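[1] any chance you can model this:
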Amino acid sequence: MTAHHAPLMINEQLTELRIETRRVGRSDMAFELMVAAFVMGVGLSVAGAGTHFYQWLAGQQAMLRYDGRTWFGSMGHLALSFICGPYIMLQMGWKQEDDGTVSVGSVLVSALVAFGWSFITGLFLLGIYLAFVP
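    Have a look, this model is predicted:
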């Protein structure tokens with residue numbers, strides 16, 4: 001190896017390292033994106049199942065509320081609103097206007113809030129699940 005080729009070899013080795021680092025970084029980012037989508041999916045599916053179970057059991061529409069006849073009733077409605085809130089928000093976004101149309105703005109805002117909320121709810125529920133299941 002001559003002195004003329006040494007910088008070229010060093011540059012090629014650094015370029016290969018940079019390319020390998022980018023490949024690993026992209027797969028790590030894709031994995032993190034899939035984990036976030038899984039957490040949101042868990043939160044949203046538990047919210048939907050909980051909402052439909054509450055509506056079947058209580059025989060009334062599930063709403064975001066914190067009122068109740070007693071203190072325990074208020075805490076139950078608050079817990080229901082926290083767990084089932086993402087699905088209720090999605091339902092609220094799809095409500096029709098007076099002329100029978102659906103507002104795109106309300107759909108987008110409710111979807112943004114619902115999926116962010118379902119991520120938090122999913123983290124909470126998966127954390128409880130992983131804490132108690134070995």
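
[2] least confident secondary structure element in this protein?
    For the chain, the helix or strand with the lowest mean confidence is helix 6-58, at a mean of 76 (criterion: mean pLDDT, DSSP states H and E).

[3] what does the helix or strand following that one rub up against?
    From helix 6-58 onward toward the C-terminus, using DSSP states H and E, the following helix or strand is helix 71-93. Contact with helix 71-93 is made by 43-44, 46-48, 50-51, 54, 62-68, 106-111, 113-115, 117-118, 121, 125, as judged by CB atoms under 8 Å, 6 or more residues apart in numbering. In this view, the C-beta of every residue, glycine as well, is placed from N, C-alpha and C.

[4] what subset of those is buried?
    The neighbour count (16 or more other CB atoms under 10 Å) marks 43-44, 46-48, 50-51, 54, 62, 110, 113-115, 117-118, 121, 125 as buried among these.

[5] so what's residue 61 closest to, chain neighbours aside?
    residue 55 (6.6 Å; CB to CB, 6 or more residues apart in numbering).

[6] quick check, that neighbour in contact with residue 62.
    Yes: the pair residue 55 / residue 62 is scored as a contact, 5.4 Å apart, by CB atoms under 8 Å.

[7] now do the shared contacts for these two.
    Counting by CB under 8 Å, 6+ apart, nothing touches both residue 55 and residue 62.

[8] and the gap between residue 37 and residue 102?
    25 Å (CB to CB, to the nearest Å).

[9] typo on my end, residue 41
    Distance of residue 41 to residue 102, given as CB to CB: 24 Å.

[10] between these two, which one's more packed in?
    Set residue 41 next to residue 102 and count neighbours by other CB atoms under 10 Å: residue 41 wins out with 14 against 11.

[11] what's the neighbour count on residue 101?
    8.

[12] using the three-state scheme, assign it.
    coil (DSSP: H, G, I helix; E, B strand; the rest coil).

[13] for residue 98, same thing?
    Once three-state DSSP is applied, residue 98 turns out coil.

[14] how many neighbouring residues does it have?
    5.
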